[in-house]
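**Q** any chance you could fold what I've pasted below:
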Amino acid sequence: MITFIVVLLIIGFVVGLVARALVPGRDHIGILGTIALGIVGSFVGGFVDSFVQYHELAFHPSGIIWSIVGAIILLVLLRVTHMEPGRGRRR
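**A** Residues are numbered from 1 along each chain as shown. Next up is the predicted model:
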C-alpha cells in the first residue's frame, strides 16, 4: 500500500510538471498543487479516454499520455474560471 501511494505521488508530480510546462503562463500552485493536478488529471484523462474510445461515461485511472491530457484540460479550466489557487495574493 505504501508503494502504491509513493508511486501515485511521483507519477502525479511528473504528470503535473509536464502539464504545467506545456501550458504557457505562470501557475502559483506549488508542489502539492502540482501533485494534485497530476492525480486529478489522470482521472480526467481516463474519463476522456473512455469517452473517446468506448462512448461511455466512466472514471478510471489512465495511462501517462491521457493523464497529461487530462491535467492540461484541468489546468486550462482552472485558468478560464479563475479558480487557480494563489490568485489575488500579493507577494
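**Q** quick check: buried residues in the helix or strand of the chain with the lowest mean pLDDT?
**A** Every helix and strand of the chain was ranked by mean pLDDT, DSSP states H and E. The lowest is helix 30-54, at a mean of 83. Neighbour counts over helix 30-54 (16 or more other CB atoms under 10 Å) mark 33-47, 49-50 as buried. Just so you know, the C-beta spots here come from the backbone N, C-alpha and C atoms, and that holds for glycine as well.
**Q** which secondary structure elements does that helix sit against?
**A** helix 2-22, helix 64-80 (3 or more CB pairs under 8 Å, 6 or more residues apart in numbering; DSSP states H and E).
**Q** out of these, which one sits most buried?
**A** helix 64-80 (a mean of 19; mean count of other CB atoms under 10 Å).
**Q** average model confidence for it?
**A** The average pLDDT for helix 64-80 rounds to 86.
**Q** identify the residues contacting it?
**A** 11, 15-16, 18-20, 22-23, 25, 27, 37-38, 40-49, 61-62, 84 (CB atoms under 8 Å, 6 or more residues apart in numbering).
**Q** measure Val14 to Thr3 for me?
**A** For Val14, the distance to Thr3 (CB to CB, to the nearest Å) stands at 16 Å.
**Q** ditto for Ile39
**A** In terms of CB to CB, Ile39 sits 16 Å off from Thr3.
**Q** repeat that for Val44.
**A** 24 Å.
**Q** same question, Val48
**A** For Val48, the distance to Thr3 - CB to CB - is 28 Å.
**Q** and Asp49, by the same measure?
**A** From Asp49 to Thr3 the distance is 25 Å (CB to CB).
**Q** could you do Leu74 as well?
**A** 26 Å.
**Q** next: Ile31.
**A** Ile31 is 20 Å from Thr3, by CB to CB.
**Q** and what of Leu32?
**A** 20 Å.
**Q** ok, Gly25 next?
**A** Gly25 is 35 Å from Thr3, by CB to CB.
**Q** Val80 too?
**A** Applying CB to CB to Val80 and Thr3 gives a distance of 37 Å.
**Q** how far out from the middle of the chain is stretch 72-84?
**A** Its chain's C-alpha centre and that of stretch 72-84 lie 10 Å apart, by CA atoms, centre = their mean, to the nearest Å.
**Q** having no further points to raise, I will conclude here.
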